[in-house]
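Colleague: sequence first, then the predicted structure, then my questions.
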Amino acid sequence: MDIFANLAHGFAVALSPINLLMCLIGALVGTLVGVLPGIGTIATVAMLLPITFGLPPVGALIMLAGIYYGAQYGGSTTSILVNIPGEATSVVTAIDGHQMAKQGRAGPALAIAAIGSFFAGCVATVLIALLGAPLTKLALAFGPAEYFSLMVLGLIFAVVLAKGSVLKAIAMIVFGLLLSMVGSDIETGASRMAFNIPELADGLGFATVAMGVFGFAEIIRNLDHGAEMNRDLVQQKITGLMPTRKDLADSTPAILRGTVLGSILGILPGGGAVIASFAAYTLEKKLAKNPSRFGRGAIEGVAGPESANNAAAQTSFIPLLTLGIPPNAVMALMVGAMTIHGIVPGPQVMQKQPDLVWGMIASMWIGNLMLIIINLPLVGIWVRLLRVPYRLMFPSIVIFCAIGIYSVNNAPVDVILAGIFGLVGYWLIKHDFEPAPLLLGMVLGPLMEENLRRALLISRGDWSVFLTRPLSAVLLAVAASLLVLTVLPVLRAKRDEVFTESEN
Amino acid sequence: MADTMGHSATATRNTRLALGFCLLAIAPQIIELIWSLGTIPGWGAGRGPGTVVTSHMTALLAGAPSAIFGSFGGGTKKLSSEVLLALIYSYPLFVLAILTFFMPIRSAQDYVGGVVVMAVALFALWAGSDLQGMRGFSFGAGTAPRMFGGLLVALSAGIALTGLLTDGPALAHYSWRGPLFVMAAILFFALAIRPLGLVVTAFASFMIAVTGSHETRWLEAAIVGACLTLGCAILFPYVLGLPMPMFPRFLIQ
Amino acid sequence: MISIRALTGACAAALASLGTFIAPAEAQTYPTRSITMVVPFAAGGPTDVVARIVTAHMAQTLGQSIIIENVVGAGGTTATTRAARAANDGYTLITGHMGTHAASVPLYPKLAYHPEKDFEPIALLAGTPILILARKDFPPKDLKEFVAYVKANAEKVNAAHAGVGSVSHVSCELLHSILDIKPVGVPFNGTGPAMNALVAGQVDYMCDQIVNAVPQINAGTIKAYAIATPERNPSLPNVPTTAEAGLPKFQAQAWNAMFAPKGTSAAIVARLNAAASKALDDETVKKRLLELGSVIPTSAERTPEALASLVKNEIAKWTPVLKPAT
């Protein structure tokens, strides 16, 4: 294989002025979309799709790809600054990232997120170029049974994520699973728990619930404390914009591990990328000498997941580039963009459209470089934004969130639902329930149920498939051992917990 | 903490909690009643308030008990959704409310949290009760919701038990101002965005939300609100290309 | 029962009526402002692509821009309901398809609109042939063997589809009703995942639109038994028609057509129909639609009357097939 010739060809394509410009626009728009709460990548790519019709196909796809991975950079910003995850993948970033911001360490958190993302993006791009074709086999090896087991593992990650009571965390996951059941059932089309409300017919949107239980709830809670909260955010001495040497030393292994995990999980179509950041967080928390730091502003809790989600964002292009099958909704839109340009992606796209494939791969590397150049200086601006008095900041966030949610489906009811979930989230905070496991349950719920049902349909109701298929059995074994590892310490005397608490 | 409080204080707390749970037990019925009021001026196409009240009252008082006794007699006739609501949702919560009255609660935060989550789970069980269960070897539409609903009932019971058995924090203090005005702003936005357009709606919602804070400075807020509105009006429709009405509908036509 | 939507709608209407006055629609000068085209599916999907290609040309003819609004949800019925309730002034149109304007009638008993009663047909835009596809190592070699195999092994085979109400679902239901079998249908969340499962060999066969399948067939990752149209398709010259392969009863095509809310004036409908027809005659539009594997309707098939009877026939065709499924 003449990888180098291909890559050289790709760079020649990607470095043409028009494609460089497209890449830059994509990166900028992606960052913007990621930063603005509520506006999801899917909505933006869908909106921008028509604009790309007038562009040459390679440039158009480079731009759309830029939006996609650029949003992963930007998404961490709102998670860290105002505790609003715009995408499922940045939910975990909010946990420790926002705690760091509250401690006046928003700068290092943002910077490490950007650095981690850059490193992960570069590695994953090389991986696509070198191993894209063989890795496709992994995507095809995952059938419904494997996906179900992967989702079970994902839900166990959600338990580990919680910093408080394990029982409450599990309850929140199941609550999230129940919420995910709202809407029409994919197998029978029956409307479930939708009360004849047309807007619920397709279920609750992730953005709607996330804005509610994270964004609005956080605002309402902050207004509770009123003045104190203000000072909490603003008057904390903001200690340096860039990570210290210790921060870097702490984060490096986390970034490396996150990159590996994200690269592998990203290849799995539909759901792999979502789990990546959760898996990375869990790994860091389990490997840490002092796990109780997590949830209280541990920099590894930002570095690991952010690297993982960006690596996954890159490697999730593999099924598209090698099989021509879109692994998620954004990629499906890109396929739409290609078909409009007369390119129908398929297994032969690499041979038939070398400009497109290698140009895109090369542009990803360039795009990541642009993103870090854009994002590192922005850190200063973002941190300064935290100095805006909260009495002006919170109404602005409310408006941005409202517009963002409205724009997803042009549905006013979604905005009202987000408001209701804001109240739910406020109540959850008051009763010490954590919203992150709820969101994870909501994201993984449909994937888990669908794949469980698919697997059982194909096996004609034989539950043993989950254990007889080797990949699935391995995943379940990992899940079981992780659960034991998590629950055992809880079952032990509470004394241990107190002991570790007093250490920091 | 709990032992510093006098015995009488705990008792009043319990009474209030028990009453609160009773209210929670009939919350769906009340909400439907409120919705049904909307049919009076001709909005919506639901049942009228009269029908709602009578059907739920009969279900709560007569229908459900008879259904319980009927089931002993082997009756398998289909129950109406009101009766099911009473059976699945309201009765268990009434029982909990009565139990609450006699229970020494050591952590109100956990106990109330558990009970309310249980209410959600019971409600979900009711909402999914019309769905088909297992069909041979394959899952029906209702299988997974029932599975998770049942699991959540068990988990929330566990949480409530923790609240009874271990010491923990009492109920947190809720404020009303923030939630009220933030919700008002959100609600106004949702209702006004289509007829009034982005510019008017964003500014008005901003001003409503601003009221939620104690330290509002009106002039400052108005200026920031205007700038924000302008920014949004440029950013969303033009930079991001999101189709959105900009100005009130009556001005365009 | 409870209807949030009705209530919000009423409140919104109350706010709107503060100053709304409706000018009488003037068909002669129509259109005087931009037209909204509702597309009931996500941008980039087959319906969206057709709508965009055609409306881009129509906008030139009409001298006003046509804004595409993608409203997704509930198999396209959310958007179609919205379009049915929109003002019938010719400024809100919808590009419906086989699912929203025919199969939805038996599939959704509580459908809030009726394709015949709530819409004025404008023009048929394109038809997309449907193929019978199978994983590459599925034993049968041609359609005859396939029919025999599936009938003999109806208990064992798995048919994939892209969700209830999707083209792949309803067309396979038609196939199954013709063959009088009830194999297990494995639902996927969209065409992409379903195709992935077929390529990976996790399911046995599926019926799908030509667009998604051509590259996979050419690469040999899946195989096609037949195309359910009267004629072979230029993009797959080697795939026989169902009639040639021995199953002439299986005829199915996904179609896209343009509709306006009921009561839109005849003059406006005629103007839009002329614009759509002109677009379909344009060489570049034609070329792009053909690239998608679409079949362009003849001028006789493009009239509003032809579309009205197509909708009627399609509802009659799908109702017996889909009724027992729900």
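Modeller: It's in.
Colleague: what about whichever residue of the stretch 101-250 of chain C sits closest to chain A, how many residues close to it?
Modeller: Residue of the stretch 101-250 of chain C nearest chain A, by C-beta to the nearest C-beta: residue C:215 (2.2 Å). In this view, the C-beta of every residue, glycine as well, is placed from N, C-alpha and C. Close neighbours of residue C:215, defined as other C-beta atoms under 10 Å in any protein chain shown, add up to 21.
Colleague: and residue A:378, by the same measure?
Modeller: 18.
Colleague: isn't the residue of the stretch 101-250 of chain C closest to chain A right next to residue A:346, touching?
Modeller: Yes - counting by C-beta atoms under 8 Å, residue C:215 does reach residue A:346; the two are 2.2 Å apart.
Colleague: okay, helices next: where are they in the stretch 151-253 of chain B?
Modeller: Applying DSSP state H, counting those that start in this stretch to the stretch 151-253 of chain B gives helices spanning B:177-210, B:218-234, B:249-252.
Colleague: deepest of those helices, which one?
Modeller: Stretch with highest mean neighbour count among the helices of the stretch 151-253 of chain B: helix B:177-210 (a mean of 22; mean count of other C-beta atoms under 10 Å in any protein chain shown).
Colleague: what's it packed up against?
Modeller: helix A:217-225, helix A:390-409, helix A:412-430, helix B:218-234, helix B:249-252, helix C:4-16 (3 or more C-beta pairs under 8 Å, 6 or more residues apart in numbering or on different chains; DSSP states H and E).
Colleague: read off the pLDDT value for residue C:5.
Modeller: Per-residue confidence (pLDDT) for residue C:5: 47.
Colleague: hang on, I meant residue C:167
Modeller: 83.
Colleague: with residue A:464 instead?
Modeller: At residue A:464, pLDDT is 86.
Colleague: how many neighbours does it have?
Modeller: 9.
Colleague: relative to residue A:323, how far out is the residue of the stretch 101-250 of chain C closest to chain A?
Modeller: Separation of residue C:215 from residue A:323 (C-beta to C-beta, to the nearest Å) stands at 10 Å.
Colleague: do the same with residue C:108
Modeller: In terms of C-beta to C-beta, residue C:108 sits 33 Å off from residue A:323.
Colleague: between the two, point out the one with more neighbours.
Modeller: In this view residue C:108 and residue A:323 are compared by other C-beta under 10 Å, and residue A:323 has more residues nearby, 27 against 20.
Colleague: pretty sure the more buried one is touching residue A:137, no?
Modeller: No - assessed by C-beta under 8 Å, residue A:323 is found out of contact with residue A:137, at 10.4 Å.
Colleague: distance to residue C:195 added to the helices and strands packed on helix B:177-210, as JSON lines?
Modeller: Output for the helices and strands packed on helix B:177-210, formatted as JSON lines (distance: least, C-beta to C-beta, whole Å):
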{"stretch": "helix A:217-225", "distance to residue C:195": "40"}
{"stretch": "helix A:390-409", "distance to residue C:195": "26"}
{"stretch": "helix A:412-430", "distance to residue C:195": "30"}
{"stretch": "helix B:218-234", "distance to residue C:195": "40"}
{"stretch": "helix B:249-252", "distance to residue C:195": "43"}
{"stretch": "helix C:4-16", "distance to residue C:195": "35"}
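Colleague: most tightly packed of those helices?
Modeller: Scoring the helices and strands packed on helix B:177-210 by mean count of other C-beta under 10 Å, the most buried comes out as helix A:390-409, with a mean of 25.
Colleague: can you tell if that one touches chain B?
Modeller: Yes - remark: helix A:390-409 sits within contact range of chain B at A:390-392, A:394-396, A:398-400, A:402-403, A:406-407, by C-beta under 8 Å from any C-beta of the partner chain.
Colleague: if we can go back for a sec, what's the closest of the helices and strands packed on helix B:177-210 to residue C:196?
Modeller: For residue C:196, the closest of the helices and strands packed on helix B:177-210 is helix A:390-409, at 25.7 Å, according to C-beta to C-beta.
Colleague: next, the angle from that closest one to helix B:218-234.
Modeller: For helix A:390-409 against helix B:218-234, the angle between stretch directions is 30 degrees (axes from the mean of the first three to the mean of the last three C-alpha atoms, to 10 degrees).
Colleague: okay, angle between helix A:390-409 and helix B:177-210 too, please.
Modeller: Using the same axes, to 10 degrees, the direction of helix A:390-409 lies 80 degrees away from that of helix B:177-210.
Colleague: could you point out which element follows the strand or helix carrying residue A:135?
Modeller: Per DSSP states H and E: residue A:135 is located in helix A:106-141. Per DSSP H and E, helix A:106-141 leads on to helix A:144-161 as the next helix or strand towards the C-terminus.
Colleague: that next one and chain B, are they touching?
Modeller: No - judged by C-beta under 8 Å from any C-beta, helix A:144-161 stays clear of chain B, getting no closer than 11.3 Å.
Colleague: give me the common contacts of residue C:215 and residue A:346.
Modeller: Shared contacts of residue C:215 and residue A:346, defined by C-beta atoms under 8 Å, 6 or more residues apart in numbering or on different chains, are found at residue A:324.
Colleague: number of nearby residues for residue 66?
Modeller: No chain in the question, so chain A it is. Neighbours around residue A:66, by other C-beta under 10 Å: 28.
Colleague: should've been chain C
Modeller: Look at residue C:66: counted by other C-beta under 10 Å, it has 22 neighbours.
Colleague: let me know the pLDDT of it.
Modeller: On the pLDDT scale, residue C:66 is placed at 81.
Colleague: picking up where we left off before, quick one: closest of the helices and strands packed on helix B:177-210 to residue C:158.
Modeller: helix A:390-409 (33.0 Å).
Colleague: which secondary structure elements does that closest one sit against?
Modeller: helix A:206-210, helix A:217-225, helix A:227-234, helix A:412-430, helix B:177-210, helix B:218-234.
Colleague: closest to residue A:443 out of those?
Modeller: helix A:206-210 (6.2 Å).
Colleague: contacts for the closest one?
Modeller: For helix A:206-210, the external contacting residues (C-beta under 8 Å, 6+ apart) are A:38, A:40, A:84-86, A:88, A:91, A:179, A:404-405, A:408, A:414, A:417-418, A:421, A:438-439, A:442-443.
Colleague: before we move on, back to that, out of the helices and strands packed on helix A:390-409, which gets the lowest mean score?
Modeller: Lowest mean pLDDT within those: helix A:227-234, a mean of 51.
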